[in-house]
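Visitor: sequence unavailable; structure follows:
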């Protein structure tokens, strides 16, 4: 397997989706809307009817958002045989239940049935590819492509290889997802939970602690996000949010001024020591992300964005 | 001070804003837009010009969103004397820098200058009212009313009293903010960081750890939120998000199926033990929040909302 024999990311025509539940079915809807031919396989008895129901339910929204040229529900075929489904693939996306033994066996079966130059990506949110690819004859073309629910609407895909994955495959996969319209984070190393789930999970665990301790109810926790920071996070992530919280001094002022509050028990999670190196990494990252936009410009962008979101949700 | 002598929440006409920086100035803009007369005081030399600049910058957006009857920039007056500002108040909102000694002294000064039946609220994000109200002669009418930046756009206000605050004052303050158009969480007890900041801070600390450990860059962290879970959080909080992640079984299925993953090192924050009591509290809370809406209905709401947000931000 070399880059020379692999189809270019923009030349993929047929995507095989293995597993057709909520995530796998969401992938099917997305790839169909982007104009791909999709071959699906799922061992459940009623899988095809559930899949067609899911895709048809998503289709009006996808049509409304704009289909790619040639996109059609007719380009979906459901195979009864895994090997037959994989044999047709230019790219495979696996979305089986989160069970390590099941994933190991399934990836080995996919690997055996898929042409050697075709990349095999897994939707796993819980495992690293290193531990999943162990039974594959060609582990170098297996990679994690972790989506967010629903995959047909949320842009993010986190791409990361395992120890046996070739760097070229990770690059190819990132390029493929970008070409297919996704927003890609190409991770350099395996981290449990990848990036977004680590952050989301820290918030979720703190929320569970608060319910456990009687500090807030489920409804208060959700309201505190939907009517508070959640209105900013579609626009500006946690880093840029705090860059603005620092006023004209930005993140540098924020860290220099509020750094000591990292010692406060504002969550059960202890903060790292705010070394000069960490401080500079965060400040420099915000400056790169701001890309020349002043605090005033970022504030104006945020305000326009929050108003647009409030309006869009009928809450203005 | 009794409920009999206090003006009703809906009869407040004049709000005194003590401190006119980013947060205090944001409150000034908000109260003006809601039709209140606002008296502002800030000790900084250029405070008035900065305040008028901030309010004028926010006004087009607030006008666009819809001003209350009688709302006008002309209803803002800036006093040079704190006592003169407080003497006019039907309600006081303090937004001084986060410095405990400063807040203690300032609240005592406000307390001394403000008619005894008037509620005094603090924007603090870092202190409990118990530790701030210690020098007030009438601590029973001091309360935390913690906003989110910018206060003129983000609806959330967290309301909580200190040990010496009367429960009636906490109720009154919650009613006042609701009448003024805010989304209120009335907390039963003081928790460092209140609700939203505890959750936000857990995420922020995990993000700092990731930068520190070289697991993700500042830009990747922000992208992972803005293009991932951040697109859902303006719509559905973390609890309802996972209620949907459980498929037709909802949160019950989610906890029963994915509960063991709470033991995984997906963040540096350890989860609480998922006792049957905690499990039921979370499941019951989601059911109350869903208020009869089926998973299918909630999914459809989420999809419409995500599409509306993507469109509103020009990202569809």
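Guide: Yep, that arrived. The shown structure was predicted, so the numbers you read here are calculated from the model rather than taken from an experiment.
Visitor: for the one helix or strand residue A:107 maps to, which residues meet the burial criterion?
Guide: Per DSSP states H and E, residue A:107 falls inside helix A:100-113. Taking 16 or more other CB atoms under 10 Å in any protein chain shown as the basis for neighbour counts, the residues of helix A:100-113 that come out buried are A:103-104, A:106-111, A:113. To be clear about C-beta, it is placed using only N, CA and C from the backbone, and glycine gets the same treatment.
Visitor: so which of those is the closest to chain B?
Guide: residue A:103 (14.3 Å; CB to the nearest CB).
Visitor: just the strands from the stretch 51-200 of chain A, written as ranges.
Guide: Along the stretch 51-200 of chain A, the stretches classed as strands by DSSP state E, counting those that start in this stretch are A:76-78, A:91-94, A:119-122, A:142-147, A:156-161, A:183-186.
Visitor: need those in a markdown table (columns: mean neighbour count, mean pLDDT and distance to residue B:135).
Guide: Supplementary listing: those in a markdown table, determined by neighbours: other CB atoms under 10 Å in any protein chain shown; pLDDT from 0 to 100; distance: least, CB to CB, whole Å:
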| stretch | mean neighbour count | mean pLDDT | distance to residue B:135 |
| --- | --- | --- | --- |
| strand A:76-78 | 18 | 98 | 71 |
| strand A:91-94 | 26 | 98 | 63 |
| strand A:119-122 | 27 | 98 | 61 |
| strand A:142-147 | 26 | 98 | 53 |
| strand A:156-161 | 26 | 98 | 50 |
| strand A:183-186 | 20 | 97 | 50 |
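Visitor: got CSV for these, with distance to residue B:254 too?
Guide: As requested, the strands of the stretch 51-200 of chain A are exported to CSV (distance: least, CB to CB, whole Å):
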stretch, distance to residue B:254
strand A:76-78, 27
strand A:91-94, 22
strand A:119-122, 21
strand A:142-147, 18
strand A:156-161, 20
strand A:183-186, 25
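Visitor: quick revisit: adding distance to residue B:55 and pLDDT, write the buried residues of helix A:100-113 out as TSV.
Guide: Written out in TSV, the entries for the buried residues of helix A:100-113 read as follows (distance: CB to CB, whole Å; pLDDT from 0 to 100):
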residue	distance to residue B:55	pLDDT
A:103	57	98
A:104	61	98
A:106	60	98
A:107	59	98
A:108	65	98
A:109	65	98
A:110	61	98
A:111	63	98
A:113	66	98
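Visitor: now, which of these sits nearest residue B:75?
Guide: Each of the buried residues of helix A:100-113 was checked against residue B:75 using CB to CB; the closest is residue A:103, at 63.8 Å.
Visitor: please report how far the residue lying closest to residue A:14 once chain neighbours are set aside lies from chain B.
Guide: If the residues on either side of it in the chain are set aside, residue A:14 comes closest to residue A:37, at 4.6 Å by CB to CB, 6 or more residues apart in numbering or on different chains. Computed as CB to the nearest CB, to the nearest Å, the residue A:37 to chain B distance reads 24 Å.
Visitor: my guess is residue A:37 contacts residue A:72, does it?
Guide: No. Taking CB atoms under 8 Å as the contact criterion, residue A:37 and residue A:72 are not neighbours in contact, 9.3 Å apart.
Visitor: compare these two (neighbour count), which wins?
Guide: Between residue A:37 and residue A:72, counted using other CB atoms under 10 Å in any protein chain shown, the more crowded position is residue A:37 (19 against 12).
Visitor: wait, what's in contact with the residue nearest to residue A:14?
Guide: For residue A:37, the set of contacting residues under the criterion of CB atoms under 8 Å, 6 or more residues apart in numbering or on different chains consists of A:13-15, A:75, A:77.
Visitor: from the residues you listed, list the buried ones, please.
Guide: Buried residues within the contacts of residue A:37, counting neighbours by 16+ other CB under 10 Å: A:14-15, A:75.
Visitor: show me where pLDDT drops low in chain A?
Guide: Along chain A, segments meeting pLDDT under 70 span A:1-4.
Visitor: check contacts around residue A:32.
Guide: When contacts are counted by CB under 8 Å, 6+ apart, residue A:32 is found next to A:38, A:55, A:62, A:71-73, A:75-76.
Visitor: what's the helix holding residue A:107 packed up against?
Guide: Using 3 or more CB pairs under 8 Å, 6 or more residues apart in numbering or on different chains; DSSP states H and E as the contact test, the elements touching helix A:100-113 are helix A:82-87, strand A:91-94, strand A:119-122, helix A:129-132.
Visitor: so which of those gets nearest chain B?
Guide: helix A:129-132 (12.3 Å).
Visitor: any idea whether the nearest residue in space to residue A:70 that is not next to it in sequence is helix, strand or coil?
Guide: Taking CB to CB, 6+ apart as the measure, residue A:70 lies nearest to residue A:35, with 4.8 Å between them; neighbours along the chain are not counted. Assigned state for residue A:35: coil (three-state reduction, DSSP: H, G, I helix; E, B strand; the rest coil).
Visitor: residues in contact with the residue with the largest distance to the centre of chain A?
Guide: Relative to the mean C-alpha coordinate of chain A, counting by CA atoms, centre = their mean, the farthest residue is residue A:257 (33.6 Å). Residue A:257 is in contact with A:246, A:249, counting by CB under 8 Å, 6+ apart.
Visitor: repeat for residue A:42
Guide: With CB under 8 Å, 6+ apart as the criterion, the residues that contact residue A:42 are A:18-21, A:24, A:48, A:51, A:78.
Visitor: so where do the helices sit in the stretch 101-250 of chain A?
Guide: Under the criterion DSSP state H, counting those that start in this stretch, the stretch 101-250 of chain A contains helices at A:129-132, A:167-179, A:196-212, A:218-226, A:230-233, A:238-245, A:250-258.
Visitor: of all those helices, which one is nearest residue B:233?
Guide: Of the helices of the stretch 101-250 of chain A, nearest to residue B:233 by CB to CB is helix A:230-233, at 3.4 Å.
Visitor: who touches that closest one?
Guide: Contacts to helix A:230-233, defined as CB under 8 Å, 6+ apart, come from residues A:241, A:302, A:305-306, A:309-310, B:153-155, B:225-226, B:229-230, B:233-235, B:237.
Visitor: ok so, going back, tell me the one of the buried ones among the contacts of residue A:37 nearest residue A:220?
Guide: Distance from residue A:220 was checked for each of these by CB to CB. The minimum falls on residue A:15, at 42.2 Å.
Visitor: give the helix, strand or coil label for the closest one.
Guide: In terms of secondary structure, residue A:15 is strand; the call rests on three-state DSSP.
Visitor: may I have the residues that are in contact with it?
Guide: Applying CB under 8 Å, 6+ apart, we find residue A:15 in contact with A:27, A:31, A:36-39, A:89-93.
Visitor: ok, 6 Å please
Guide: With contacts defined as CB atoms under 6 Å, 6 or more residues apart in numbering or on different chains, the neighbours of residue A:15 are A:31, A:36, A:38, A:91.
Visitor: bridged to it, which residues?
Guide: Beta bridges link residue A:15 to residue A:38, residue A:91 when assigned by DSSP bridges.
Visitor: up against chain B, what does the stretch 51-200 of chain A have?
Guide: Proximity of the stretch 51-200 of chain A to chain B is confined to A:61, A:65, A:148, A:153-156, A:183, A:185, A:191-193, A:195-196, A:198-200 under the rule CB under 6 Å from any CB of the partner chain.
Visitor: any of these buried? List them.
Guide: Neighbour counting over these (16+ other CB under 10 Å) leaves A:61, A:148, A:153-156, A:183, A:185, A:191, A:193, A:195-196, A:198-200 as the buried ones.
Visitor: residues in contact with whichever residue of the stretch 1-150 of chain A sits closest to chain B?
Guide: Residue of the stretch 1-150 of chain A nearest chain B, by CB to the nearest CB: residue A:148 (4.8 Å). If you count contacts by CB under 6 Å, 6+ apart, residue A:148 has them with A:154, A:156, B:228.
Visitor: now residue A:237
Guide: B:222, B:225-226.
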